[in-house]
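A.B. asks: no sequence on this one, just coordinates:
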DNA sequence: ATGGTAGTTTCACTA
């Protein structure tokens, strides 16, 4: 089973790119974030026509929104109410015996100080709850794949400049610490770094605000696929589809993909 | 220290 995760930054604008992902990589399951569409107007017909007849959505007007598209039947799991808000940042399904989650962690705003920036405080609280939830999932003992835009680049090689990003939201020590705690709480395997060495620079997001994103290559690895430890020996072909950043009308994020035997 | 782009409910907000 091939699983992809992608922050599409508006699913309606990205339908041609979704088609391109399917043509190139043919995932069985696609987890989306930032769909930016209410459930009633989610383009289910177009996506079913691409071969994904099983679709679960959780969207709101204008912001956030997650979805799972699948070739195989889905059973919806309970939505996780992070930070007591119904802001459509999580959706989980059961597919072919595996629990698959699409998660969108708050970006956190610009100022990395929870005392003066509510968005950063929200992000930190969200990550604390991610750790609690991870522990619960671990105790359930089911095979789980937790994917999404976690909005944190944990390793020095997950950003274009570790030194220059230490005070930039997404790579601050407090965020990386909470990221590590959540990962440890679930016993999660980083499915991508499991096969791509930590020495290798690796990004899944490049800002729209660069004159030439590829030349500057100031990226960050914000999008992740975590797997429960029982799946360790069944992961292969992890990849990040860098090319997608150069497609016409791109998202600022690219798909992250892994195969599970 | 600033400003750069993209998407959405746009003259404002989020990323």
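C.D. replies: Ah, there it is. Note that the structure is a prediction, hence the values are computed from the model and not measured.
A.B. asks: distance of residue A:43 from residue A:138?
C.D. replies: Applying C-beta to C-beta, to the nearest Å, the value for residue A:43 to residue A:138 is 35 Å. Glycine gets a C-beta too; all of them are placed from N, C-alpha and C.
A.B. asks: Kindly report the same for residue A:177.
C.D. replies: 19 Å.
A.B. asks: where does residue A:193 land on pLDDT?
C.D. replies: Per-residue confidence (pLDDT) for residue A:193: 98.
A.B. asks: The closest residue to it other than its chain neighbours: what's it in contact with?
C.D. replies: Residue nearest to residue A:193 in three dimensions, not counting chain neighbours: residue A:155, with 7.3 Å by C-beta to C-beta, 6 or more residues apart in numbering. Residue A:155 makes contact with A:193, A:198, A:221, according to C-beta atoms under 8 Å, 6 or more residues apart in numbering.
A.B. asks: Buried members of the residues you listed into PyMOL, please.
C.D. replies: Command for PyMOL that selects the buried part of the contacts of residue A:155, burial taken from 16 or more other C-beta atoms under 10 Å:
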select buried, chain A and resi 193+221
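A.B. asks: Give me every residue in chain A that's in contact range of DNA strand B.
C.D. replies: Applying C-beta under 7 Å from any atom of the strand, we find that chain A lies next to DNA strand B at A:9-10, A:12-13, A:36, A:60-63, A:106-109, A:119, A:151, A:207-209, A:249.
A.B. asks: For ChimeraX, write the select line for the buried members of the residues you listed.
C.D. replies: Burial among the residues of chain A next to DNA strand B is assessed by 16+ other C-beta under 10 Å; the matching ChimeraX selection reads:
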select /A:9,36,60,106,107,108,109,151
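A.B. asks: Any idea which residue is closest to the centre of chain A?
C.D. replies: residue A:148 (1.5 Å; C-alpha atoms, centre = their mean).
A.B. asks: May I ask you to name the longest helix in chain A?
C.D. replies: Assignment by DSSP state H gives helix A:118-140 as the longest helix of chain A.
A.B. asks: Report all helices and strands that that helix contacts.
C.D. replies: strand A:144-149, helix A:173-186 (3 or more C-beta pairs under 8 Å, 6 or more residues apart in numbering; DSSP states H and E).
A.B. asks: which parts of that helix are buried?
C.D. replies: The neighbour-count check on helix A:118-140 (16+ other C-beta under 10 Å) flags A:120-127, A:129-131, A:133-134, A:137-138 as buried.
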